[in-house]
Every structure is written in structure tokens, then in C-alpha cells.
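1. 3D, please:
(one chain, ligands or ions: 1)
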Amino acid sequence: MMKTTSATPAGTTDASATPTSHSHFDGVDLQLLAERIATPFHAYSASAIHQRIEALKTALVGLDATICFAVKANPNLAILQLMANAGLGADIVSVGELRRALNAGMPAERIVFSGVGKSADEIAGALNVGIMRFNVESLDELHTLQRIARAQEVTARAAVRINPDVDAQTHAKISTGKSENKFGVSIDEARRWFAQRKSFDHVQLDGLHVHIGSQILDVQPFRLALARVAAFWRELEHAGHPITSIDVGGGLGVCYRAGVDHPVSTTDYVAAIREALAGFRGRLLLEPGRWLVAEAGVLLTRVIRVKPGTERNFLILDAAMNDLLRPSLYDAWHDIVPVSDQPRPMATYDIVGPVCETGDTFASARELPECAAGDLLLIKATGAYGTSMASTYNSRPLAAEVLLHQGRYAVIRRRQHFEEMIAGEQPARNWKTP
Ligand SMILES: *Cc1c(COP(=O)(O)O)cnc(C)c1O
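-> Numbering: from 1, shown residues only. Model (predicted):
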């Protein structure tokens, strides 16, 4: 990589390690790039993603572990291809994600299927291609899996998603492992499933799964959840129910706010797994999403205009909540910086998009070097849950996505054309009765 890049090396999340210049990303001059590609667009550093993958693999050395990238974090085909080429599998939550993973070259035997609302069609489709495992989240789903597997004359491999009732200390909307959340089942309920597992003769129920939430910045909730899963695994083995895989989910947090967010290191995270699951001889599965891609992505945007208000000054960008929903949805913080290094006096802005919603706000009362129309800005750490949550609200086309690698770039999604946006819509013509 060239001298200046904000592709933070994996493991180093210390603010002091973040270069002050934002002129380059993965060796690519961002001013020049923004002359080639119209803003707003998302740019991802392939080097930064590779660094994360390698750091995680290094921490896992010696374990029989498979990393299944949570596709919903960033489902772009080129990103999935990069993951597949690095030997990763996929954690999917829909048949759409299954098709993306398969299209990207991920082998079915490295795909796990999670989610509370798998439809019968989705289960049939995933069984049909022979995915590695279903993470089953309710008794009704287990019955459906048995019925469809019997009809297809196959045996489905399944894990129970345990809801360990642990508080992940994260935003309420991304907590998934408390008993009031819709995800997984209690250990008591899972115990009853195993007791009657022989009656599900087309389901090989021999796995445990847990995923307690996202953007977790403390190792303690992981430890608690793993301890509960580990105790249950030992109990099951004792009761004659062999467990061949334990899936520890995703949830590792990243640095959205330099100097404030202190992510758990991969070493500490994997140490917690090693400790809790000591003696486990089966396969370990991990489902990181955010951690692999968030800090490898930035949203490039230009200032449309500065609007002085009576109370505040508004910096109006050409990016909006339809390109990056996290601030509107979760009040999420994203660091925002000018691409130019020119020293300028600081100013305070509400940084907003053009969408007709007060919620279309990226930051309130944010200190920033003074900006003018046309300035290029970076919204940082947008590689996860950015484009995957994007919409065409206000009839704004989906933004382009660009992959960067050591000074070069490749467009991995061009900006949506107007015709594509309205494809499928039609005048009400052929009226019918159902
Ligand atoms: C979303 C999700 C993940 C990924 O979570 P991150 O916080 O992005 O790592 C992993 N497993 C399951 C079941 C999920 O729903």
C-alpha cells in the first residue's frame, strides 16, 4: 500500500494509529477517483478486508474452524468472491443470499442458514443444494425441516440456535441474545428437542449455535454466552447426544468513533472461545459480518451546499439515508472527514442528506474543517450494513460500489439506472379478480 491509507490494519484500532491524511485509501487517490465516478459511491479496500481475514485465521490457528461471512453485512458479489477465494463460507438468512453465495463460488458445504422466518420454499431450496447446516430457531421450523427433508429423501444437518439470555451491551435494535428477543430458543426448550431428536429421523440434530447481537465492544458478553453454550454441550454429550459443531455466531464490534470505540482484539475473542470450549473435538463455526468489512469501506460524498440556519449550519451532502441508513436507524456515529488535507478553521455543522426526512441526518453539531460546495468528504466505516440496507427512497438510484486494491480500482456495482429503478412497475391495465 502507498504511504497514506486509512485502511486500518486489523487489530490496530487505536486512534493514534489512524493516519491524519484521508487523501488515499488502499493506495488510491480519492480526489482522482471521484473525478472518474460520480458521488455518492461506496469504496472498499480489498487490502483491509484481507488483513482482517488473515488476522482472524491467525488467531484461530490449530482449531478446526470455518469462518462463514454473514452475507447481510455486505452482499456484493465481488466481496463474496473475495471471501470465497480466501476460503470463507457464508452465513445466510434468505434464499436470495444463498443464491448470491453460490454465484460467488462459495461451496454449499460451507454455507449455514440462520433466521427465525425461513419459509418452506427457502428450506427446500437450501436442502436441495446441500448446505452445511440449518441453524434452527423454533420447534415449528424443526418440524418443517423434518417434513421437507423426508419428502426430498435426504437428511438435514441442523443446529439449535440457543438464546442464552445474555445482554450484549449494544444498541437495543441489534441485540439478539436476550430472552425477550425473537431469536433462538431457551436451553430448556433445546433440551426437550434433543430428548426427542430420534423422532426427527430426517434431521441430524448435532449442533449448537449462538449469536447474541452485533457491534459488541466487550468480551464479557461473549464469555457469558459461550459459558452457557459450553455447559449445555457438556450436558448433552453426557446424555448421549453427540455435538459435532458449535457455531459461535458473529457480533464483534468495530471502531466507528476514533478514540471512543475500543473493539475486542481477535486474540482476546478467540482466547475466550478456546477457553470456553476447551476439550471440544468438533468443528467450530464463526459468523463475523461487520468486523470483516465495516472499517474497510467508506462512503464518498460531495457537499451540495452549505445552508446557514438560525440555530445551526447545515452541510447538505449528495449522500443520504438511502445510501447509509445506520445513523437514521440506530443513531449510529460515523466519523466524517474531508478528503483534502488543506488546513482550514473548524466549524460546526449538522450533516444531512437531501432526502425529505428530518431523520436524514448523518451527524448533529459535528466539528469539521470548514466546507464549501463541491468538497469531497468521507463517511468512514461504511463497509458493513451500508449498501445492504440501501434503498431507492425519494427515487434516488442505488449508489455505485468500487473495490480498491493497492492503487487500482474496479467498479463492482455501477450506479443504478433510472430504468432499472422502475423496472417491474407498470400501469394498472389488466384488472382481474383473484
Ligand atoms: C447478522 C448475523 C451475523 C453477523 O453479525 P455481525 O455483527 O455483523 O458480525 C452472524 N450470525 C447471525 C445469525 C446473524 O444474524
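
2. need the contact list for the closest residue to the ligand within the stretch 301-434 of the chain.
-> Per Cβ to the nearest ligand atom, the residue of the stretch 301-434 of the chain with the smallest distance to the ligand is Ala384, at 6.0 Å. Heads up, the C-betas are built off the backbone N, CA and C, glycines and all. Taking Cβ atoms under 8 Å, 6 or more residues apart in numbering, we find Ala384 in contact with Ala73, Asn74, Val254, Gly289, Arg290, Leu292, Val293, Ala294, Gly297.

3. now those residues as TSV including secondary structure and pLDDT?
-> Output for the contacts of Ala384, formatted as TSV (DSSP: H, G, I helix; E, B strand; the rest coil; pLDDT from 0 to 100):
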residue	secondary structure	pLDDT
Ala73	helix	98
Asn74	coil	98
Val254	coil	98
Gly289	coil	98
Arg290	helix	98
Leu292	helix	98
Val293	helix	98
Ala294	helix	98
Gly297	strand	98
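
4. and the closest residue to the ligand within the stretch 101-250 of the chain, how many neighbours?
-> The minimum distance from the stretch 101-250 of the chain to the ligand, using Cβ to the nearest ligand atom, falls at Gly250 (2.6 Å). A count of neighbours around Gly250, defined by other Cβ atoms under 10 Å, yields 25.

5. that one is in what secondary structure piece?
-> Assigned by DSSP states H and E, Gly250 belongs to no helix or strand.

6. repeat that for Glu35.
-> Per DSSP H and E, Glu35 falls inside helix 30-36.

7. and that helix, what's buried?
-> If you call a residue buried by 16 or more other Cβ atoms under 10 Å, then helix 30-36 has these buried ones: Leu30, Leu33, Ala34.

8. pairing partners for whichever helix or strand comes after that helix, with directions?
-> Scanning forward in sequence from helix 30-36 by DSSP H and E, the next helix or strand is strand 41-45. Applying DSSP bridges, strand 41-45 is found paired with strand 297-308 (antiparallel), strand 400-405 (parallel).

9. nearest spatial neighbour of the residue nearest the centre of the chain, skipping sequence neighbours?
-> Note on the chain: the residue nearest the mean C-alpha position is Ala73, at 2.3 Å, using Cα atoms, centre = their mean. Spatial nearest neighbour of Ala73, chain neighbours left out: Gly289 (3.1 Å); criterion: Cβ to Cβ, 6 or more residues apart in numbering.

10. near the ligand, which residues of the stretch 101-250 of the chain?
-> Residues of the stretch 101-250 of the chain lying close to the ligand by Cβ under 6 Å from any ligand atom are Ser114, His211, Ser214, Gly249, Gly250.

11. the last one is in contact with Leu285, isn't it?
-> No - contact status for Gly250 versus Leu285: not in contact, 10.4 Å apart, counting by Cβ atoms under 8 Å.

12. can you sort out which of the contacts of Ala384 also neighbour the ligand?
-> Within the contacts of Ala384, those near the ligand by Cβ under 6 Å from any ligand atom are Ala73, Gly289, Arg290.

13. and the second one, what does it touch?
-> The contact partners of Gly289, taken as Cβ under 8 Å, 6+ apart, are Phe69, Ala70, Val71, Lys72, Ala73, Asn74, Asp91, Ser214, Gly250, Ala384, Tyr385.

14. which helix or strand contains the last one?
-> Put plainly, it is Tyr385. Following DSSP H and E, there is no helix or strand that holds Tyr385.

15. neighbours around it, how many?
-> Other residues within reach of Tyr385, judged by other Cβ under 10 Å, total 26.

16. what do you get for the third one?
-> Other residues near Val71 number 27, with proximity taken as other Cβ under 10 Å.

17. do you know how far the closest residue in space to it that isn't next to it in sequence is from the ligand?
-> Among residues not flanking Val71 along the chain, Glu97 sits closest, at 4.3 Å (Cβ to Cβ, 6+ apart). In this view, Glu97 and the ligand are 11 Å apart by Cβ to the nearest ligand atom, to the nearest Å.

18. Glu97 touches Lys72, doesn't it?
-> Yes - between Glu97 and Lys72 there is a contact under Cβ under 8 Å: 6.7 Å.
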